[in-house]
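Participant: coordinates only, sequence not included:
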C-alpha cells in the first residue's frame, strides 16, 4: 500500500511555491504521492484558490519520484482537448508521474451554474464518459507529443459510496476513489466486486483519511493507496507537520 498527501490549494496553499516546498519535503520523508484538489470556487472559508495545473507543474519541477495529479478533475467543466494538452505536457515534465483523477464534481460549491456549466448529474456523467474516450484518442497519437506513460496516463475515477455507477465506470480504467466510505468493511466489499470483474489485474483502490488515522484496517481491507486529506485546512504548518511525521507503515 502506498501513501500520499492530498491538499486543497486554498489560502496559504494557493501559492504554488508553498505547494512545491511541501511536495519536496514529502518526497524526502518517504511519501509516495502528492495530489491537489481541482476547483474554480469553493464554499466558505475558501477564497484564495490556486489553479491545479500550474501548481502541479511547480510540484513536478520540485520532485522526482512522487506520483502527482488532481484529486479530482470534473471533466464536465473542462475542454477535453485543452486537458489533453495539459496532461501530456505535465506527464512529460514529471517524467511519467501523472495520475489523472476524474469525477462528476459537486454542485455544492456553486462552480457550475454561474459559469454556464452543466449542472444535471446525469448529463455530467455522460460528459465524463465521453471526455475520457476523447482523452484516450488524443493520448494515443491523434495529438503529439504522446504521454511518457504507455499505453496511456493512468486514470482514477471518483465516486460516492454506496453508488455503483461510478464503480462500473472505474472498472474500465485504472482505479477507484470511493468517497464517503463508512468503514473498512465497505472498502472490502468494493475490493471483492472489483476482483470479480478485473481478476488479479492491476487496479488501484484509493482511500482518503484525516491526518493521524490508523491506516492498517484499510490496508487489510485492500486499499492500494491511502491519501492523507486535510479537508478545508489551509494551514501550511499543519500539512508540513503531517508530512514530517512520515507515512505510517501499514
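Facilitator: On my side now, so go ahead. Note that the structure is a prediction, hence the values are computed from the model and not measured.

Participant: Okay, buried residues for stretch 211-223 please.
Facilitator: 211, 215, 218, 219, 221, 222, 223 (16 or more other Cβ atoms under 10 Å). No exception for glycine: its C-beta is placed from N, CA and C like everyone else's.

Participant: Quick one: low-confidence residue ranges for the chain.
Facilitator: 249-250 (pLDDT under 70).

Participant: could you show me where the helices are in it, in order?
Facilitator: Taking DSSP state H as the criterion, the chain carries its helices at 16-28, 52-62, 80-93, 121-137, 165-170, 184-198, 216-221, 236-245.

Participant: Compare those and give me the one nearest residue 149.
Facilitator: Of all the helices of the chain, helix 80-93 sits nearest to residue 149, with 6.0 Å by Cβ to Cβ.

Participant: any idea of the angle that closest one forms with helix 121-137?
Facilitator: Helix 80-93 runs at 50 degrees relative to helix 121-137, counting by axes from the mean of the first three to the mean of the last three Cα atoms, to 10 degrees.

Participant: quick one, helix 80-93 and helix 52-62 angle?
Facilitator: Orientation check (the same axes, to 10 degrees): helix 80-93 against helix 52-62 gives 10 degrees.

Participant: picking up where we left off before, including distance to residue 173, could the buried residues of stretch 211-223 go into CSV?
Facilitator: What follows is the buried residues of stretch 211-223, written out as CSV (distance: Cβ to Cβ, whole Å):
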residue, distance to residue 173
211, 28
215, 24
218, 21
219, 22
221, 21
222, 18
223, 17
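
Participant: Of the residues you listed, which pair is most distant in space?
Facilitator: Distance extremes for those: the farthest pair is 211 and 222 at 22.1 Å, using Cβ to Cβ.

Participant: count of neighbours near residue 182?
Facilitator: The number of residues packed around residue 182, counting by other Cβ atoms under 10 Å, is 9.

Participant: how about the residue nearest to it when sequence neighbours are not counted, phi and psi?
Facilitator: Among residues not flanking residue 182 along the chain, residue 161 sits closest, at 7.1 Å (Cβ to Cβ, 6 or more residues apart in numbering). Residue 161 adopts backbone torsions of phi -60, psi 140, taken as degrees, to the nearest 10.

Participant: So that it lines up with my notes, have the first residue be 57 from now on.
Facilitator: That works, and once the first residue is 57, the last one we named lands at residue 217.

Participant: hmm, back to that, and the helices of the chain: which comes nearest residue 210?
Facilitator: Closest to residue 210 of these, according to Cβ to Cβ: helix 136-149, at 10.0 Å.

Participant: And the closest one, what's buried?
Facilitator: 136, 139, 140, 142, 143, 144, 145, 146, 147, 148, 149.

Participant: could you measure the third one against residue 127, distance?
Facilitator: As for residue 140, its distance to residue 127 is 19 Å (criterion: Cβ to Cβ, to the nearest Å).

Participant: thinking again about what came up before, the residue nearest to residue 238 against residue 237, yeah?
Facilitator: Yes: if you go by Cβ atoms under 8 Å, residue 217 and residue 237 touch, sitting 5.0 Å apart.

Participant: ok, the two, which is more surrounded?
Facilitator: Ranked by neighbour count (other Cβ under 10 Å), residue 217 and residue 237 place residue 237 first, with 20 against 16.

Participant: what sits against the more buried one?
Facilitator: Counting by Cβ atoms under 8 Å, 6 or more residues apart in numbering, residue 237 touches 217, 243, 263.

Participant: Pretty sure the second one sits against residue 234.
Facilitator: It stands for residue 243. Yes: counting by Cβ under 8 Å, residue 234 is a contact partner of residue 243 at 7.1 Å.
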